[in-house]
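Enquirer: next come a sequence and a model predicted from it.
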Amino acid sequence: MRPTLLLPLLCIGWALLGVACSVGLLPADTWWTMGAALVLVSLVDAWRVRRLAAPDVARDVPDALPVGVQRTVTLALDNGPRTLRVDVHDLHPEAWAIEGLPRTLQLAAESTTRLHYALRPTARGDAVFAGVQLRVHSPWRLWRRSHSVAARQTVRVFPNFAPLAKLAMLGSEQASRTVGAHIRRRRGEGTDFHQMRDYRVGDSLRQIDWKATARMRRLISREYQDERNQQLVMLIDTGRRMLARDGALTHFDHVLDAALVVSYLALREGDAVGLLASGGAQRWVAPQRGGGAIDVLLRASYDLQPQPVATDYLAAATELSLRQRRRSLVMLVTNLRDEDIDDLLAAVRMLQQRHHVVVASLREEALDAVLEADVDSLHDALRAAATARYLQQRAAAHDALRAQHVAVLDVSCAQLPGALVERYLAIKREGLL
C-alpha cells in the first residue's frame, strides 16, 4: 500500500500552515488540530482501502499467437458490492509492443467491466502472462493498494501463420501469385495423367488419345499434371547469420514465415514437406503430406531461435543425407558470406549426390539503402565503397555455387516467399525431380 500524490500535498499544506502559525498569523492550536485531523483521516482511509476486495479478473487471449501481428486482449473485471477506482496493468511478456495500458477505470458496484488493449508479440516461443496488476484507490484517494490477480497463463508464439489463412481461401495458382511468385501457366504438360478433354488448338499430337477419339468421333486429348507425391525439405540456418534484423523481426523469423508459405503450397500440390534446422538450434521433421502436416511444422518450429554460433554447413548436409534417403528438393536458406563458400560448396556437392539443391541467400535491405544514399562526405564514400566491395565478394560466392549447377536466389526478406514458391513450381514443371 502506497500513498497517492494527494497525501504528500496535504502534508506540505500542513507544513505551510505551521509556518503561518509560527509567525503569528494563525493560532498555534490550529496547526495541532489540523495535524491531528490529517493523521486521523489518512489512517481511516488506509483502513478502508485495506478492507476493499480487489475485483476478479479474467483474461481472454488466444493460446497461439503469430509473431509480429497485433492482437486484441480482453480483461474482464468482475467487481463486488462497492464502487472502485482502479489502475489496471496486465503483466504481459516483456518487450512486447502494447497499446492501451495502463488504464484507470471506475468500476460500478456489482458490475463487470471489459477492458481491451492491443499487443504485438516480438519473439517466438513460449511466453508467460504472470498475472494482472491492480492498484485500488482508497475512497478518499489518499492511498493505493496493489493486488496481483488473475492466473498465470502461458501462450505459444508461432511464426506468422496469418498469410496461410489467406492462402487457404485461394486456388493453388492464385495463392502462388499472391505471395509474389511469377508463374507461367502451361496446359497439358507434366508426367501424371489428370483428365481427358476435347482437343484444343495448340495441343501436341502425342496428347491425342486415338482410341477415345475413335469412340467419341471427335478429337480427344489427354491432359497431364505436374507429378505429385514428391518431397521438399526446408534446410534452414539457425546460426549467427540469422540474428540480423530487417524491421522488427530477425532474418530467422522472416525465413520461418517464408518456409511455411512454400511448405503450405507444396502440401496443396500433393507433395511431402520436411524440415531440418541446423547451425545453432537443431530440429528435424521428417517429410509428410496431408492437411495436418502444416500444423506439425508449426509446432516443431515455433520455439526455434537462432544462436550466436557459426553454422557448419557440411555437418548439416551430412545429417540430412543420413536422415533423408529419398531424392528430394532441398531448399537451403541462409545468409551467405564469402568466407563460408568453401564449406558450403562441400556441403552442396554432398547433397547433390542424391537431391536437387536450391540455395536462398538473404540480402540485408540496409546494403541496398547504403548504395542508393547520396554521398556527401568522405565517410559516406568509404561506406559506399566498402558496401560495394562486400556485395562484389558476395556475388562471387553466388557464382561459385552456380558453377556447380546450383540455383541461387539472392533476395531480401520481403522477396523471399515469392522467390521460393516460384523456384519450387518451376522445378516441378520442368520435371527436375
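Expert: Arrived safely. Numbers count the residues shown, from 1 in each chain.
Enquirer: gap between the residue nearest to the spatial centre of the chain and residue 92?
Expert: By CA atoms, centre = their mean, the chain has its centre lying nearest to residue 67, at 2.9 Å. Using CB to CB, to the nearest Å, residue 67 is found at 14 Å from residue 92. To be clear about C-beta, it is placed using only N, CA and C from the backbone, and glycine gets the same treatment.
Enquirer: show me what contacts the residue nearest to the centre of the chain?
Expert: Residue 67 sits next to 121, 122, 123, 124, 157, 158, 159, 160, 249, 253 when contact means CB atoms under 8 Å, 6 or more residues apart in numbering.
Enquirer: which one among these gets closest to residue 330?
Expert: Residue 330 lies nearest to residue 159 out of those, by CB to CB, at 20.0 Å.
Enquirer: doesn't residue 66 make contact with that closest one?
Expert: Yes: using CB atoms under 8 Å, residue 159 is in contact with residue 66, at 7.0 Å.
Enquirer: name the residue in these two with the higher neighbour count.
Expert: More crowded of residue 159 and residue 66, by other CB atoms under 10 Å: residue 159, with 26 against 23.
Enquirer: number of nearby residues for the nearest residue to the more buried one once chain neighbours are set aside?
Expert: Nearest non-adjacent residue to residue 159, counting by CB to CB, 6 or more residues apart in numbering: residue 256, 4.0 Å away. Neighbours of residue 256 under the rule other CB under 10 Å: 28.
Enquirer: ok, residue 343 next?
Expert: Neighbours around residue 343, by other CB under 10 Å: 17.
Enquirer: try residue 49
Expert: The burial count for residue 49: 20, using other CB under 10 Å.
Enquirer: confirm it sits in a helix?
Expert: Yes: assessed by DSSP: H, G, I helix; E, B strand; the rest coil, residue 49 belongs to a helix.
Enquirer: who are the contact partners of it?
Expert: Residue 49 neighbours (CB under 8 Å, 6+ apart): 1, 136, 137, 138, 139, 143, 144, 145.
Enquirer: beta partners of the closest residue in space to residue 85 that isn't next to it in sequence?
Expert: Leaving out its chain neighbours, the residue that sits closest to residue 85 by CB to CB, 6+ apart is residue 137, at 4.1 Å. Residue 137 has these beta-bridge partners by DSSP bridges: residue 144.
Enquirer: residue 137: neighbour count?
Expert: Residue 137: 21 neighbours (other CB under 10 Å).
Enquirer: measure it to residue 401 for me?
Expert: Taking CB to CB, one finds residue 137 at 66 Å from residue 401.
Enquirer: now residue 386
Expert: Using CB to CB, residue 386 is found at 23 Å from residue 401.
Enquirer: over to the residue nearest to residue 159. Which of the three states is it?
Expert: Here residue 256 takes the helix state, with states given by three-state DSSP.
Enquirer: list the contacts for it?
Expert: 124, 159, 236, 301, 304.
Enquirer: give me phi/psi at the closest residue to residue 326 other than its chain neighbours?
Expert: Nearest residue to residue 326, sequence neighbours excluded (CB to CB, 6+ apart): residue 231, at 5.8 Å. The phi and psi values for residue 231, taken as degrees, to the nearest 10, are phi -130, psi 140.
Enquirer: ok, residue 231 touching residue 271?
Expert: Yes: applying CB under 8 Å as the test, residue 231 and residue 271 come out as touching, 6.4 Å apart.
Enquirer: what are the ranges of the strands in the stretch 251-400 of the chain?
Expert: Secondary structure of the stretch 251-400 of the chain (DSSP state E, counting those that start in this stretch): strands located at 272-278, 283-288, 329-334, 356-362.
Enquirer: CSV please, covering these and showing distance to residue 23 and mean pLDDT.
Expert: Shown next, in CSV, are the strands of the stretch 251-400 of the chain (distance: least, CB to CB, whole Å; pLDDT from 0 to 100):
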stretch, distance to residue 23, mean pLDDT
strand 272-278, 78, 93
strand 283-288, 79, 93
strand 329-334, 80, 93
strand 356-362, 76, 93
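Enquirer: redo those as CSV? Include distance to residue 22 and mean neighbour count.
Expert: Shown next, in CSV, are these (distance: least, CB to CB, whole Å; neighbours: other CB atoms under 10 Å):
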stretch, distance to residue 22, mean neighbour count
strand 272-278, 76, 23
strand 283-288, 76, 16
strand 329-334, 78, 25
strand 356-362, 75, 24
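Enquirer: residues contacting the strand or helix carrying residue 72, please?
Expert: Assigned by DSSP states H and E, residue 72 falls within strand 71-78. Residues from elsewhere that reach strand 71-78 (CB under 8 Å, 6+ apart): 55-62, 65, 86, 88, 90, 92, 105, 107, 112-121, 132, 150.
Enquirer: kindly report the same for stretch 347-357.
Expert: Under the contact criterion CB under 8 Å, 6+ apart, stretch 347-357 has outside partners 233, 313-314, 316-318, 320-321, 324-325, 327-330, 332, 359, 401, 404-407, 427, 432-433.
Enquirer: next: stretch 388-406.
Expert: Residues from elsewhere that reach stretch 388-406 (CB under 8 Å, 6+ apart): 336-338, 340-341, 344-345, 348-349, 352, 357-359, 361, 363, 367, 371, 408, 410.
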